[in-house]
Every structure is written in structure tokens, then in C-alpha cells.
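*Asks:* Have a look at this fold, sequence not included:
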Ligand SMILES: Nc1nc2[nH]c(O)nc2c(=O)[nH]1
């Protein structure tokens, strides 16, 4: 994923501390005292970058399985109203463990349900990310437009505008690390046009820009949302966003499914990026995003697994495959190559998060975030092109996952947490939460 898209059929990567210090073809030079990991039969790629998630949903998977987005949300809001910091910690640990096992080294999280008296849900997920060992970009989400004011969420799951702004500022002050090599960066993330007020959008944009942090929201996910925007704001979702200051190179939208040509042009002109979430869009019957048109139109497109309640699989490498398959189903076999699909999940994702200079490719000076995929088992043996094997085949096991130079997965097992304990904690938290609803 370097500028030349270099590929070595036989080569090496040398790491010192948290950085890549050498990359090349053939036999590596001597590095006396170095630990050597033999990757024969494997493909090494940049660690995957996930640009949209809702980790708390890991404990509410499999519900409202045959519903549209609005039906699904109205079923789940009352369940999510019962989360607290402990539940978020368990859910985030589950979701992050699975992301690591499936090749992801950097993830965002859009957390927008913040019940009063729930404890510190942001501290809970940040602690989980540090424990599992992923590079983390939590987005301080929010909702302030309850049903009684014309929004979709019930009044008891929304916050007051002032509390949101104060809470967001304090998350940034406490946690945001803008330094090179950062493991933790905060974004500001009001939820969606039908769950937030125009005032929240405008004021949170000001707050984000004063603090130099990025901005994220759901946009143009369904036709129901488009109808809502036309009815309430007299325009399309993208036109509404431009009106309230939510376009720019510091902004990325989750989904961006229902865009007209003018919407794509606005995103390209303003440098606004997209988190393409093909699996969730299919699971909810939302539609198929115009991913190839966005890419060809000059929009930066990363991939997102989306929340676990609308994508129970939550594997970013599967999103690469689904991005390719859906693009080709719409536009034919030349619409997206396997290498482009991998690019969306790596260097393009890094660009979405403003981290292109640090992650998303295997280059000297970049951070040591790497996935080593085993392609010599029965699942992939005999596929000559390893990138085709990775993107078109089933998800391979990982020989190794390194984040910031630290081993997080070895021989298919996460090394930082006990996977069996995580699984039983998740099952218990799911039962407890549903018991409350
Ligand atoms: N896929 C999702 N779309 C959403 N819109 C919204 O307001 N919340 C969500 C969500 O949790 N998932």
C-alpha cells in the first residue's frame, strides 16, 4: 500500500520498537540479536483500519433480525437504554477481540447512547481498547432529538445539548492524544439527522474545530432518512450537512448509501470522506452504496464493519470482500479490483482518520501495525495470487497481528485477553441487559 503499491512475493519487514525500519525483497540483511518470525506460506499486509463501529452493540447481536433501520432502532433503543460502564467494557472487549482476530489494528467506535447514571462509558471502552491493544479512535456520539420533538429515539435515551457539549469537551481534554504514534484520538459524533438537532450539529462542529479533532456522523443510510430530511429540512442529507457546516477534510460520514451525483460532487469538492459499510447495509436492507462512483469521483472511501447489532460478523476483511462483490454486482467485474478492495480497508481507512502518514501501508518510518495471514491451509492453498486469496476467499487465520510493534494475535489466538473469559462475559452481559429491558 505504499505509493507504488509495491508487492514482494518473497521478502521481509524489519521492526524496531513501534516502527518499521526496513522493508524489501528477498533475504533480509543481518540484524544481530533480532527475533525472527518466519512467515512462509503467509501474506503480510498493513493492519486493517475500521472507520465505523458501535462496540456496545456486541452484547445486543441477533435482535430485530428482519427489520429496516428505523424498525430495528426503535426496537433496540429501549434495550440500549439499559447499558452502563460495565456492560460497555464487556461489549467493547468482545468487539475489539474479534476485530484483532480478523486482522484489524486500528478501529473507531461511534458511541452515541450515554444514559445518565451509567458511569463513564467512554473510560470503559478506552480501557478495553488498551487491554486488547488496538489503536483506538473513539467518537463521542450523542442524540438530543427525542420523539416528543420529532426525532426517532424515545426521550429517555437522549441527552441535553449542554450536557453533550460539556461531556464531549471533557472526553477530548482527558483522552485525545494528537502526538505522532498516538494510540488514542477522539472524534466528535452527533448520531444522525433524525436523532440530533440542528443546534447540536452546528455547535459540535464548532467545538470539534476549536479542538482540532475530527467529525463523524451517520448519513444517507436509508430512504427513510432521505424522506425525513426532505420533510424536515427541505433538502437531501448531504445538502443539510453542508448547510450546517458538516463538510470538509475533517469530516467522514458512515454509510453514504443514498447519494445523488450532486452529493458525491459535494463530498469530493469539500474533501469529506465516507465509511462504507456494505454488510450492515445489506443486513438492514438499506441499499448498496455507490462505492465505485465515490472512489472514481475523488472521495476517500474507507470501510466500516458498523455496529455488531447490524453486522453480527464484524470482520473488516469481510467488508473488503463485500465491498468488491456489491460493487461488481452493480457495475460488472471490472468495477473494483481485489487490490482496490484491500486498499479501502488499509491506506484509504488511514486517510479517512487523518493517519495516512503513520499507518495503512508497510513503509519505513511507519508504525508497526501489521497482519500476517496464513494462506497455506486448505481454505486458500492453491490460489496463486495471495491478494485474491485474502479478499475473495474465506477469512484466513492470522499467524500474527502486531499493533504498535506489540504482538496482539499469535497463531490465531489473541494474546492480550483470555478469549474464553471474554466470550462468557459477553453472554452474561447480553442476558443481563435483555433481562432489564
Ligand atoms: N447502522 C446504523 N445506523 C444508525 N443510525 C443511527 O441513528 N444509529 C445507527 C446504528 O446504530 N446503526
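*Replies:* Cool, the structure landed. For clarity, every value in this text was computed on a predicted model and none was experimentally measured.

*Asks:* use CA for all of it now, contacts and neighbours both
*Replies:* Will do.

*Asks:* Kindly tell me how buried residue 419 is, as a neighbour count.
*Replies:* Neighbour count of residue 419, defined by other Cα atoms under 10 Å: 16.

*Asks:* Nearest to the ligand: which residue in this protein?
*Replies:* residue 192 (4.7 Å; Cα to the nearest ligand atom).

*Asks:* partners of the closest residue to that residue other than its chain neighbours in the sheet?
*Replies:* Using Cα to Cα, 6 or more residues apart in numbering and skipping the chain neighbours, the partner closest in space to residue 192 is residue 218 (5.0 Å). Residues in a beta bridge with residue 218, per DSSP bridges, are residue 254.

*Asks:* Quick check, residue 218 in contact with residue 254.
*Replies:* Yes: at 4.6 Å, residue 218 counts as touching residue 254 under the criterion of Cα atoms under 8 Å.

*Asks:* List the buried residues for the host helix or strand of residue 170?
*Replies:* According to DSSP states H and E, residue 170 maps onto helix 161-175. Using 16 or more other Cα atoms under 10 Å as the test for burial, helix 161-175 gives 161, 164-165, 168-169, 171-172.

*Asks:* any bit of stretch 257-265 sitting next to the ligand?
*Replies:* No: shown here: stretch 257-265 not in contact with the ligand (Cα under 6 Å from any ligand atom), separated by at least 11.2 Å.

*Asks:* residue ranges for the strands of the stretch 301-437 of the chain, please.
*Replies:* In the stretch 301-437 of the chain, the segments counted as strands under DSSP state E, counting those that start in this stretch are 301-303, 370-374, 398-403, 406-410, 413-414.

*Asks:* Spell out which residues of the stretch 301-437 of the chain are next to the ligand.
*Replies:* So the stretch 301-437 of the chain meets the ligand at residue 307 (Cα under 6 Å from any ligand atom).

*Asks:* actually the stretch 1-150 of the chain, not the one I wrote
*Replies:* Within the stretch 1-150 of the chain, no position is adjacent to the ligand by Cα under 6 Å from any ligand atom.

*Asks:* Determine the number of other residues adjacent to residue 392.
*Replies:* By other Cα under 10 Å, 19 other residues sit near residue 392.

*Asks:* Quick check: which ranges of the stretch 51-200 of the chain have low pLDDT?
*Replies:* Along the stretch 51-200 of the chain, segments meeting pLDDT under 70 are nowhere present.

*Asks:* Just the element for residue 106, please.
*Replies:* Counting by DSSP H and E, residue 106 is found in strand 104-111.

*Asks:* Show me what the helix or strand that that strand is followed by is packed up against.
*Replies:* Using DSSP H and E, the helix or strand that follows strand 104-111 towards the C-terminus is helix 121-132. Counting contacts by 3 or more Cα pairs under 8 Å, 6 or more residues apart in numbering; DSSP states H and E, helix 121-132 packs against helix 85-101, strand 135-142.

*Asks:* Just grab the bridge partners of residue 402 for me.
*Replies:* residue 370, residue 407.
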